[in-house]
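# Whatever this is, show me its structure:
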Amino acid sequence: MTSEESTSVETKSIQSINVKHITLEKGSKRQYNRKSKTDNKAKELMDKLLEEQELARIKCEQDEFDAQKKEDEEQEFTRHLIEDIAQKKLKEQQKQEQQIEMDQFLEKLIPIAVQIKEEIVSKTIMERVKNAMINTLNYTKIGQKEGEKKQVTGKLIDLTLVEDGDLCMIDFDINKKLSIEETDIIRQNIIDNMHSANVGLVKTAHDGLHAYCNRDGYTLPSNRCVKCIVLDSIEIDIFGQMFKYKEHGGMEQKELVQNRVVGPNSSFRETKNNKRETLKYEAINDWANMTHLASLREILDSWNVGIEIPFKEYVDKVNMREFGWQITEEETIYMMNDELAQACVNGLKNLEIHYYPQSINMEVSLLSVFSGLYGITNEQIRAEGMKNIRQYNKLTPNAEMNYGQSSFNGERKPNSWILTKILRYHNKDYYEQIIKPLLKQNYEVKKQQKISDTVQQIENHENDLKDQFTLIDVSSKALNGKYENKLELVAQNLLRIIKVIPCQNGWCFIIKEYDCIAGKNTIKYKNKTALYDQLRSIRLWQDGKKHITAIDALEQYHSLLEKIGMKFTSNNEGIFNVFQGFKYMQLDEVDQIKIDKFLGLVKDTISVNDERVYEYILNWFAFIVQNVGKKTETAIILKGLQGIGKNVFTNVLCELLTGYSSKNITDIDDFVGKFNTAIENKMLAIANETKNFGESRMSNMDALKSIITESSFEINEKYVHNHEVENVVNIMIVTNNIYPLKIENSDRRYVVCE
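So this is what the prediction gives:
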């Protein structure tokens, strides 16, 4: 018992010890306890607080830096602004002082300049050119060389040698193709237009004019400004002294530029039409003693032509200036319409207007404004423009001081077109948006009016076949220079020859041409290519490098040649009439004896003494003659042996209907085939021993029936657009065959004469 108890106690003790051991060794050691966890949270909060404080400090410092930087920048901007304002004020003050000094200088200089100018302009033309004249020899325009002794026949004036450099000459070259009467009218209009301008006038050898005036500071692009204005009836060149010495490779040379014009009282000879003629330049007014010549600027401004720009810009603007020209073919000036005048007045705003007259492209002068406004014919618009001068624009002190005098001077030189020039240079956006479109519109209106006036002058002609005039005559007139550079004259002649009608696929061209076989003019159809080949060969005149041909006349006046359609005969003037009368005239009295033999042939041979057939044949043909363009709707078949006179009979009928008959058609395809022009516009067609009746006989017969009775058929001619024509043909079939056609018993289209 004791041993067991001892053992039990010992075992329990050991178990107790083991349990305790196990308890002590259980799991790993804790990383933290409640206290350490609390300390870590506190540390994290502290770190976060310190970080926020640091960020706040940094932001505060950045804000202070930004504020200081902004303040510094504002101070710098303010300083620069103050300096800029001060600089601008200083510049304005300096500009004002310079302007005052310039005005004072001009006030002192102007009298001197006026005096110098007066000394120049008060000299006569002869005094100014006496050292610039070169003799011409032996009726040529060749200048005399030193030591050369030949007959002196005239003078050349070299503008380069004119000492004052201000003399210039306007050359009016009138179209040499115009008649003497037309040339005289244009030249007199120029003289009348120049009368108040005080210019020295010289009539040229070819009836043109030279007008001598003062350049007056006008900066020409070159010494010779050729074709400043080009119109159908006149070309205008300007000669002046701009460069005295020749230029090569951008370097001025020592050699003088020759800038010569023929002076008055000069003669030269010219061969024209194999005839030697002596031509002369003659002074019209007191040329030699003319003083105080007109200003080139005023003359060009009155025409609304400005070339006082760099030459390259001048070339670029040639097309633009075209619609700005306001000078007519007769050398008069167009009046400005109210719409354009109002637009010009509306655009005269926010301008700085000066007193001293300068080139318009440089500045606006008060004189030019008044000249433009006084040129407006509508008094209400003009009054509005006068009111706007001071209300909407800035006038210089000198302009204000001389306002009344400028108004007085402007009223003496009215020209409304100056306003468009002012706006072109000084209100460019307004000019491009408003004025330029109106000028283009105005130009187009004038252009259309000119065409309309020309069209009204063109006499309307029909293609009269009895009129022997054809394209050969047009070519002959062109070769001899009869058209005088006037397309309307060519068009008037083309109206006698050509007409244009609409077809299925475009235009068909109808042309009158001589037919050698018929011995008369006939109507023929041509496509565009064929006709244009003919017209292209007719060269009318040369325009620069381009040859003007009859095609140009056709295309410009195409509408005059157009017809709405074509009929064999019609009372509608808009429809082309094919029929234009018979070759032979109707007699008032008939000589029966002269036709007895022919009537005997018809009765004895053609009708075989059958009175009914005889009367029918005569009535059948009489109906055709008496009812032009109508169809009998029957065909006569003449059967018989060879040599009995069938062709004699039909030839007489065709001769009576010359131009509207076909007397010898031998192929059925000419009636019913694809190319059937043989029966187009024919009142009578003779099918003579026609072949191919047997081939495809039934289809041919059906097609022939249609030709006999239908009112129209389609023409399919080679190289010409398909077109439908009126069917006016009546058919006779002449044959020696026993069975020429297959005729049904019920068919009433045929009358058979055996």
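# Quick check: residue 485 vs residue 611, distance?
Using CB to CB, to the nearest Å, residue 485 is found at 69 Å from residue 611. C-beta coordinates here come from the backbone N, C-alpha and C atoms, glycine included.
# So what does residue 379 look like in phi/psi?
Backbone torsions for residue 379, taken as degrees, to the nearest 10, come to phi -60, psi -40.
# Now do stretch 46-66: distance to the chain's middle.
Remark: stretch 46-66 is offset 80 Å from the chain centroid, using CA atoms, centre = their mean, to the nearest Å.
# Report the rounded mean pLDDT for that stretch.
For stretch 46-66, the mean pLDDT works out to 83.
# still on that earlier bit, between residue 485 and residue 611, which has more neighbouring residues?
A direct count of neighbours by other CB atoms under 10 Å for residue 485 and residue 611 places residue 485 higher, at 17 against 9.
# any idea whether the residue nearest to the more buried one when sequence neighbours are not counted is helix, strand or coil?
Leaving aside its sequence neighbours, residue 485 sits nearest to residue 177 (CB to CB, 6 or more residues apart in numbering; 4.2 Å). Look at residue 177: counting by DSSP: H, G, I helix; E, B strand; the rest coil, its state is coil.
# Just the pLDDT for residue 177.
Note for residue 177: predicted pLDDT of 82.
# same check, this time on residue 616
92.
# Same question for the one 5 residues further on.
Reading off the confidence values, residue 621 has pLDDT 92.
# One more: the one 5 residues further on?
Reading off the confidence values, residue 626 has pLDDT 93.
# any idea how far the residue nearest to residue 485 lies from residue 488?
Distance from residue 177 to residue 488, counting by CB to CB: 13 Å.
# what do you get for residue 130?
48 Å.
# The two: who's more crowded?
Using other CB under 10 Å as the criterion, residue 130 and residue 488 rank with residue 488 on top: 18 against 13.
# Tell me how many other residues surround residue 600.
Neighbours of residue 600 (other CB under 10 Å): 10.
# what's the following helix or strand after the helix or strand containing it?
Element membership of residue 600, judged by DSSP states H and E, is helix 592-600. Moving toward the C-terminus from helix 592-600, the next helix or strand (DSSP H and E) is helix 611-626.
# what angle do that following helix and helix 592-600 make?
120 degrees (axes from the mean of the first three to the mean of the last three CA atoms, to 10 degrees).
# List the buried residues in helix 611-626.
613, 614, 616, 617, 620, 621, 624 (16 or more other CB atoms under 10 Å).
# Kindly provide the distance from the last one to residue 656.
Which is residue 624. Counting by CB to CB, the separation of residue 624 from residue 656 is 10 Å.
# can you give me the helices in the stretch 1-150 of the chain?
For the stretch 1-150 of the chain, the helices defined by DSSP state H, counting those that start in this stretch cover 2-24, 34-121, 125-129.
# where's residue 569 relative to residue 575, distance?
Applying CB to CB, one obtains 9 Å for the distance of residue 569 from residue 575.
# brain fart, residue 473
From residue 473 across to residue 575, the span is 26 Å (CB to CB).
# which other residues reach stretch 188-200?
125, 170, 172, 201, 209, 211-213, 283-285, 287, 290, 292-294, 298-299, 330-333 (CB atoms under 8 Å, 6 or more residues apart in numbering).
# Contacts only, for the residue nearest to residue 485.
Residue 177 is in contact with 481, 483, 484, 485, 486, 541, counting by CB under 8 Å, 6+ apart.
# Buried subset of the residues you listed, written for PyMOL?
Applying 16+ other CB under 10 Å to the contacts of residue 177, the buried members can be selected in PyMOL as follows:
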select buried, resi 483+485+486+541
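# Alpha carbons of the helix holding residue 600, in PDB - could you do that?
Output of helix 592-600 as PDB, limited to C-alpha atoms (Å, rounded to 0.1, in the frame of the first residue of the first chain):
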ATOM      1  CA  GLN A 592     -48.200  76.900-173.900                       C
ATOM      2  CA  ILE A 593     -46.200  76.200-177.100                       C
ATOM      3  CA  LYS A 594     -43.000  75.900-175.100                       C
ATOM      4  CA  ILE A 595     -44.300  73.200-172.800                       C
ATOM      5  CA  ASP A 596     -46.400  71.300-175.200                       C
ATOM      6  CA  LYS A 597     -43.600  68.800-176.100                       C
ATOM      7  CA  PHE A 598     -43.000  68.100-172.400                       C
ATOM      8  CA  LEU A 599     -46.600  67.700-171.600                       C
ATOM      9  CA  GLY A 600     -46.800  65.400-174.700                       C
END
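# still on that earlier bit, which of the contacts of stretch 188-200 fall within strands?
170, 172, 201, 209, 211, 212, 213, 283 (DSSP state E).
# ok, what's across the strand from the third one?
This means residue 201. On the basis of DSSP bridges, residue 201 is bridged to residue 211.
# isn't it right up against residue 208?
No. Counting by CB atoms under 8 Å, residue 201 stays clear of residue 208, with 10.9 Å between them.
# Torsion angles phi and psi at residue 278?
According to degrees, to the nearest 10, residue 278 has phi -100, psi 120.
# I figured it hits residue 271, correct?
No. Taking contacts as CB under 8 Å, residue 278 lies outside contact range of residue 271: 11.1 Å.
# Of the contacts of residue 177, which is the nearest to residue 714?
Nearest to residue 714 out of the contacts of residue 177 is residue 483 (CB to CB; 39.1 Å).
# so what's residue 395 up against?
353, 366, 389, 403.
# so which pair among the residues you listed is furthest apart in space?
353 and 403 (9.7 Å).
# So for those two, which sits in the more crowded spot?
The neighbour comparison of residue 353 against residue 403 (other CB under 10 Å) goes to residue 353, with 24 against 17.
# before we move on, what SS does that one have?
strand.
# So for it, what's the pLDDT?
So residue 353 comes in at 93 (pLDDT).
# Could you check how far it is from residue 652?
For residue 353, the distance to residue 652 - CB to CB - is 91 Å.
# Please apply the same query to residue 202.
Taking CB to CB, one finds residue 202 at 73 Å from residue 652.
# now residue 550
In terms of CB to CB, residue 550 sits 40 Å off from residue 652.
# Can you report how many residues lie near residue 444?
Residue 444, neighbours per other CB under 10 Å, totals 11.
# phi, psi of it?
When quoted as degrees, to the nearest 10, the phi and psi of residue 444 stand at phi -60, psi -40.
# List the beta-bridge partners for residue 510.
For residue 510, the beta-bridge partners are residue 499, residue 525 (DSSP bridges).
# if I pick it, what's in contact with it?
Neighbouring residues of residue 510 by CB under 8 Å, 6+ apart: 463, 498, 499, 500, 501, 523, 524, 525, 566, 576.
# again, only this time at 7 Å
Shown in contact with residue 510 (CB atoms under 7 Å, 6 or more residues apart in numbering): 463, 498, 499, 501, 523, 525, 576.
# Give the buried subset of those as a ChimeraX selection command.
Selection of buried members from the contacts of residue 510 for ChimeraX, criterion 16+ other CB under 10 Å:
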select :463,498,499,501,523,525,576
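# Go through the contacts of residue 510 and name the one with the lowest pLDDT.
residue 463 (75).
# quick one on the thing from earlier: for the contacts of residue 395, could you give me CSV that also reports secondary structure and distance to residue 75?
What follows is these, written out as CSV (DSSP: H, G, I helix; E, B strand; the rest coil; distance: CB to CB, whole Å):
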residue, secondary structure, distance to residue 75
353, strand, 43
366, helix, 48
389, helix, 47
403, helix, 49
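# Could I get the full set of helices for the stretch 551-700 of the chain?
Under DSSP H, counting those that start in this stretch, the stretch 551-700 of the chain gives helices at 558-561, 592-600, 611-626, 646-656, 669-672, 697-709.
# Could you look over these and pick the most buried one?
helix 669-672 (a mean of 20; mean count of other CB atoms under 10 Å).
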